[in-house]
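# Got a predicted structure here, sequence first:
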Amino acid sequence: MTSPTLADAVRALDGFYPPQTAAGWDRVGLVTGDLQQTVSRIHFAVDPTLWVITEARELGADLLVTHHPLLLRGVHSVATTTAKGAAITTLVVADVALYCAHTNADVADPGVNDALATACGLSATDPLDEEDGQPIGRVGDLPSPTTLGAFCRALADALPAAPAGLRVSGDPEASVRRVAVQGGAGDDRFDAVRRSGADVYVTADLRHHPALEAREEARGGAPYLIDAGHWATESLWLTGAADRLRTALVAQGYDVQTTVSRLRTDPWDFVVPTGHGEPTDRPKEHDAL
């Protein structure tokens, strides 16, 4: 069996995650690489950081597939004096191609949000919302009701280890069954979450004001909020995406290996509790787990 070319791998990836389905502001697809180069090993990761690129190079990868784009905003230099310049230079010198599937992987089926829904215990889902004409997010029902606290503990077990863990707003004894999910940043979807009738919303990057306003609208009830971390919620997609690509290329008669990054690119390293003396008062529905 022969190895595929980069063109073969890109064709398969574009089929899974069509570039035209990405949000208008996004930058997806092939970033570096020669379409005629041979690809024998493909490495998957959430972020195209210098550490991830070094990992891919040391593993002998010919192609690095990441969820987040390397060049989302304009740059004026690729000199190694900047991190992005060093990343691009390393990729080119090491002959490692880079392909990014971002919001087009979010809206794909299966995609990032399907992986997060599965981790939440959902087996059947519907789209939560729409962006640029594409369905995004997922919402569905658990097999049976559970408490918010028990749901959080099960979700924590299904997610990769990260320092910040889960941030939760809601009564741990509250009953939940209908779950909405949005991998990565999701505090712009609260209206859709309310329309969906979800009891709990699992997402990441919840900012103070949008989250507080959402809890005020709920009057302390559902939908409860879980901030599960940007990297953690999106990393669940990697293994399935790698397996799917390898299966597709092998079915075409190619010999190719896939690997998934073992590096945590969550930017935080540890958490330190704050405050001293008596704890400040909190409404009963916001008591911590």
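Received the coordinates, thanks. Numbering: from 1, shown residues only.
# From now on I want contacts and neighbour counts done on CA atoms only, so please keep to that.
Fine.
# A strand includes residue 117, no?
No. With DSSP: H, G, I helix; E, B strand; the rest coil as the criterion, residue 117 is helix rather than part of a strand.
# all strands for the protein, in order.
29-32, 41-45, 63-66, 97-100, 126-131, 134-147, 167-169, 175-185, 200-204, 224-227, 257-260 (DSSP state E).
# Next, residue 17: phi, psi?
Residue 17 adopts backbone torsions of phi -130, psi 80, taken as degrees, to the nearest 10.
# Contacts for stretch 205-212 next, please.
When contacts are taken as C-alpha atoms under 8 Å, 6 or more residues apart in numbering, the neighbours of stretch 205-212 outside the stretch itself are 184-188, 225, 227, 229-230.
# what's the closest of those residues to residue 197?
Top of the list for closeness to residue 197, among the contacts of stretch 205-212 and by C-alpha to C-alpha, is residue 225 at 13.3 Å.
# Just give me the neighbour total for residue 119.
When neighbours are counted by other C-alpha atoms under 10 Å, residue 119 registers 18.
# The one 10 residues further on now?
One way to gauge burial is a neighbour count; for residue 129, by other C-alpha under 10 Å, it gives 19.
# Can you list the residue ranges for helices in the stretch 1-150 of the chain?
All helices of the stretch 1-150 of the chain, identified by DSSP state H, counting those that start in this stretch, fall at 6-16, 50-58, 83-94, 103-106, 112-119, 148-158.
# and residue 143, what is it in contact with?
Going by C-alpha under 8 Å, 6+ apart, residue 143 touches 122, 177.
# hmm, 6 Å instead?
Taking C-alpha atoms under 6 Å, 6 or more residues apart in numbering as the criterion, residue 143 is in contact with no other residue.
# From the chain's centroid, how far away is whichever helix in the chain runs longest?
Of all the segments of type helix in the chain, defined by DSSP state H, the longest one is helix 237-251. If you compare the mean C-alpha spot of helix 237-251 with that of the full chain, they lie 17 Å apart, counting by C-alpha atoms, centre = their mean, to the nearest Å.
# Could you point out which of the helices of the stretch 1-150 of the chain sits nearest residue 255?
Here helix 6-16 is closest among these (C-alpha to C-alpha), at 11.7 Å.
# Closest to the centroid, which residue in the protein?
Per C-alpha atoms, centre = their mean, the C-alpha nearest to the average position across the chain is that of residue 234, at 1.7 Å.
# how far away is that residue from residue 24?
Counting by C-alpha to C-alpha, to the nearest Å, the gap from residue 234 to residue 24 is 20 Å.
# Can you add mean pLDDT and distance to residue 240 and give the strands of the chain back as JSON lines?
Converted to JSON lines, these look like this (pLDDT from 0 to 100; distance: least, C-alpha to C-alpha, whole Å):
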{"stretch": "strand 29-32", "mean pLDDT": "98", "distance to residue 240": "19"}
{"stretch": "strand 41-45", "mean pLDDT": "98", "distance to residue 240": "10"}
{"stretch": "strand 63-66", "mean pLDDT": "98", "distance to residue 240": "13"}
{"stretch": "strand 97-100", "mean pLDDT": "98", "distance to residue 240": "16"}
{"stretch": "strand 126-131", "mean pLDDT": "96", "distance to residue 240": "20"}
{"stretch": "strand 134-147", "mean pLDDT": "98", "distance to residue 240": "17"}
{"stretch": "strand 167-169", "mean pLDDT": "97", "distance to residue 240": "26"}
{"stretch": "strand 175-185", "mean pLDDT": "98", "distance to residue 240": "15"}
{"stretch": "strand 200-204", "mean pLDDT": "98", "distance to residue 240": "20"}
{"stretch": "strand 224-227", "mean pLDDT": "98", "distance to residue 240": "23"}
{"stretch": "strand 257-260", "mean pLDDT": "98", "distance to residue 240": "10"}
